[in-house]
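*Asks:* fold the following and give me the result.
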Amino acid sequence: MANKLFVGSLAWTATDDDLASFFSEAGTVVSAKVIVDRDTNRSKGFGFVEMSNDDEAKAAIDQLNGKDLKGRAIAVSEARPQVPRS
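*Replies:* Okay, the predicted model is just below:
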């Protein structure tokens with residue numbers, strides 16, 4: 001298992017800091033990033049969190065998947081590698 005997590009169904013108002021503090025319940029957060037649209041600078045409704053090790057990443061999935069963050073139930077799963085676009 002990788003220690004990078006995909007976080008979906010984020011509230012539009014969620015920030016990087018919101019993600020970091022929310023996921024710190026499960027362990028040490030290395031990085032937390034909400035993905036934003038380049039043109040509008042608005043959240044795309046998903047982000048990525050990197051935990052310090054695989055055990056903490058698994059704990060984050062088990063503990064936080066389906067939990068409420070800023071009024072929305074988030075979906076937490078292992079991040080898949082980015083696929084190159086043509």
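*Asks:* does residue 10 touch residue 71 like I think?
*Replies:* No: at 10.4 Å, residue 10 does not count as touching residue 71 under the criterion of C-beta atoms under 8 Å. C-betas here are computed from N, CA, C, even on glycine.
*Asks:* so which bits of stretch 53-60 are buried?
*Replies:* For stretch 53-60, the neighbour count (16 or more other C-beta atoms under 10 Å) marks 56-60 as buried.
*Asks:* which one of these is nearest residue 42?
*Replies:* Closest approach between those and residue 42, by C-beta to C-beta: residue 60, at 25.5 Å.
*Asks:* measure that closest one to residue 39 for me?
*Replies:* 31 Å (C-beta to C-beta, to the nearest Å).
*Asks:* which residues touch residue 66?
*Replies:* Neighbour list for residue 66: 73-75 [criterion: C-beta atoms under 8 Å, 6 or more residues apart in numbering].
*Asks:* top of these by neighbour count?
*Replies:* Among the contacts of residue 66, residue 74 has the most neighbours (other C-beta atoms under 10 Å), with 22 neighbours.
*Asks:* quick check: phi and psi at it.
*Replies:* The phi and psi values for residue 74, taken as degrees, to the nearest 10, are phi -90, psi 160.
*Asks:* and which of the contacts of residue 66 is nearest residue 28?
*Replies:* residue 74 (19.2 Å).
*Asks:* residues contacting that closest one?
*Replies:* By C-beta under 8 Å, 6+ apart, the contact set of residue 74 is 7-10, 64-68.
*Asks:* try it again at 6 Å.
*Replies:* Contacts for residue 74 (C-beta atoms under 6 Å, 6 or more residues apart in numbering) come out as 7, 9.
*Asks:* for it, give its distance to residue 36.
*Replies:* Relative to residue 36, residue 74 is positioned 17 Å away (C-beta to C-beta).
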